[in-house]
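Student: Just the structure for this:
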Amino acid sequence: MQQKNKKIKERWYEMKKNNIAIIVGVIVVAIIVLLLIIFGSKKEVAFDAQGGSIVPTQEVGFMKKATRPANPTKEGYTFDNWYYNEIVYDFDTKVTKDIMLKAGWIKNGPSTTGDVLTVKFDTDGGSTLESMTVEKNGTLKKPADPTRDGYKFVAWQLDGKDYDFNSKVTKDITLKAKWEKEDSEPAGGEKEPSLNSKNFTLKVGKSKRLSVNNAKGKITWKSSNPNVASVDSNGNVKAIKAGTANITATVDGKTLTVKVTVSNQDETRPTDPVKPTDPVKPTDPVKPTDPIKPTDPTKPALSDYRAVCEKIADSSANECYIRIKDKNGKNVNGIVSVTTFTGKTGTKKSGDKINADIIDTNKLKVASVN
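Tutor: Below you'll find the predicted structure:
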């Protein structure tokens, strides 16, 4: 009898051991499948151009980064940036779920002459530059020079001739970049790796692409102050806030450094020294002209500001604050024209609280600023 009970216990323990092994196996398989679903699946990054040109959706691997697309275009507006939940989206952010990015636009100001012309830039394989608008018979401000690996920028040309930025713009034009190829190997040996840029200045929110000439190995980029200027693995430098930072590139056993200064002003470039001219021969005296009346100092146009509705996270109702933001994203005081979904229009002060369910946030318009 004891022998029989012993065999029964042994069989029970053996069955229990087998059941445990089966359960553990099922759990392991379930975990593997779950990890494959999470880490193996791709996430979608969609782009809502808000009435602008269509931007294709991107499929991005889990914990990978989306690629900044070419800026969309919209008649009568200038592209501002891509926003996620009313905040400028950082394309260095790793994607963990499907997201929708919305385009921000700045309405072009009215022309004093009645005509606004567009100037496009064909960089011929160089870094991308956004189009610029200028009033008819006005002059164009020279943009920052583009960059191109293995080439030196020479000039902007129109119809094969160097463009004079002091000339008046009378029609829509496209300027094309002229390049000069750099020698890859000087006489007597190989050329050392070198950066494609010297110390430079960037305006907050702007970017610049750095590259290393004559690099053979992998390039490692690093910023001494990422809070001022960040740099990604492709050498794209982004200006975050005013200050200075050193950008270093380590390649082929060498470390190359360039200093970037971030400011709230556009980069200024020294002009060519004025060559002395031949002495002017005396001419008939010129009749005096009427004195030029001083013009009012330039004030920011309303189109430089945008109105948003910032949601209140701890509010029990779907409420938000009316805000007016300048080009740098800072809040300013003023009046906003508010349109409800039923078409009724009213005004609110910057900082007023309002129910977001009754207003059309796409029709918030800056009426005035203090």
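
Student: Share the number of residues neighbouring the closest residue in space to Asn196 that isn't next to it in sequence, please.
Tutor: Spatial nearest neighbour of Asn196, excluding adjacent residues (CB to CB, 6 or more residues apart in numbering): Ser211 at 4.8 Å. Every residue, glycine included, has its C-beta placed from N, CA and C. Ser211 has 18 neighbours, counted by other CB atoms under 10 Å.

Student: Verify the stated contact: Ser211 with Asn236.
Tutor: No - in this structure Ser211 lies outside contact range of Asn236 using CB atoms under 8 Å: 10.1 Å.

Student: the strands in the stretch 1-150 of the chain, which residues?
Tutor: Along the stretch 1-150 of the chain, counting by DSSP state E, counting those that start in this stretch, strands occupy 42-48, 58-61, 64-65, 77-84, 87-88, 94-95, 99-107, 116-122, 132-135, 138-139.

Student: Equivalent analysis for the stretch 151-300 of the chain, please.
Tutor: Using DSSP E, counting those that start in this stretch, strands in the stretch 151-300 of the chain cover 151-158, 161-162, 168-169, 173-181, 194-195, 200-203, 207-209, 212-213, 220-223, 229-231, 236-239, 243-251, 254-263.

Student: List the pairing partners of the first one within its sheet, with orientation.
Tutor: Looking at strand 151-158 with DSSP bridges, its paired strands and their directions are strand 161-162 (antiparallel), strand 173-181 (antiparallel).

Student: Any idea which of those gets closest to Ile27?
Tutor: Taking CB to CB, strand 173-181 is the member of these nearest to Ile27, at 60.8 Å.

Student: ok, residues contacting that closest one?
Tutor: 117, 119-126, 146, 148, 150-158, 162-163 (CB atoms under 8 Å, 6 or more residues apart in numbering).

Student: quick check: mean pLDDT across that strand?
Tutor: Mean pLDDT, strand 173-181: 95.

Student: any low-confidence regions in this protein?
Tutor: 1-2, 4, 33, 35-40, 109-114, 183-190, 265-299, 315 (pLDDT under 70).

Student: mind running it again at 50?
Tutor: Residue ranges of the chain with pLDDT under 50: 111-113, 186-187, 267-268, 270, 295.

Student: Check the gap between Val336 and Leu302 for me.
Tutor: According to CB to CB, to the nearest Å, Val336 and Leu302 sit 11 Å apart.

Student: For those two, work out which one has more neighbours and name it.
Tutor: Val336 (25 against 17).

Student: Show me what counts as buried in the helix or strand containing the more buried one.
Tutor: Using DSSP states H and E, Val336 sits within strand 334-339. Buried residues in strand 334-339, counted by 16 or more other CB atoms under 10 Å: Gly334, Ile335, Val336, Val338, Thr339.

Student: ok, and what's touching it?
Tutor: Residues contacting strand 334-339 (CB under 8 Å, 6+ apart): 305, 307, 322, 324, 345-350, 354, 359-360, 363-370.

Student: Including mean neighbour count and distance to Met15, could the strands of the stretch 1-150 of the chain go into CSV?
Tutor: Conversion of the strands of the stretch 1-150 of the chain to CSV gives the following (neighbours: other CB atoms under 10 Å; distance: least, CB to CB, whole Å):
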stretch, mean neighbour count, distance to Met15
strand 42-48, 16, 44
strand 58-61, 16, 44
strand 64-65, 16, 47
strand 77-84, 18, 55
strand 87-88, 11, 59
strand 94-95, 16, 47
strand 99-107, 18, 50
strand 116-122, 16, 77
strand 132-135, 17, 80
strand 138-139, 15, 90
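
Student: Can you say which of the contacts of strand 173-181 are buried?
Tutor: Judged by 16+ other CB under 10 Å, buried ones among these: Leu117, Val119, Phe121, Thr123, Gly126, Pro146, Arg148, Tyr151, Phe153, Trp156, Tyr163.

Student: Please report the distance of the residue nearest the centre of the chain from Ile354.
Tutor: For the chain, the residue nearest the mean C-alpha position is Asn81 (5.9 Å; CA atoms, centre = their mean). Distance from Asn81 to Ile354, counting by CB to CB: 24 Å.

Student: Check Lys191 too.
Tutor: Counting by CB to CB - Lys191 and Ile354 are separated by 62 Å.
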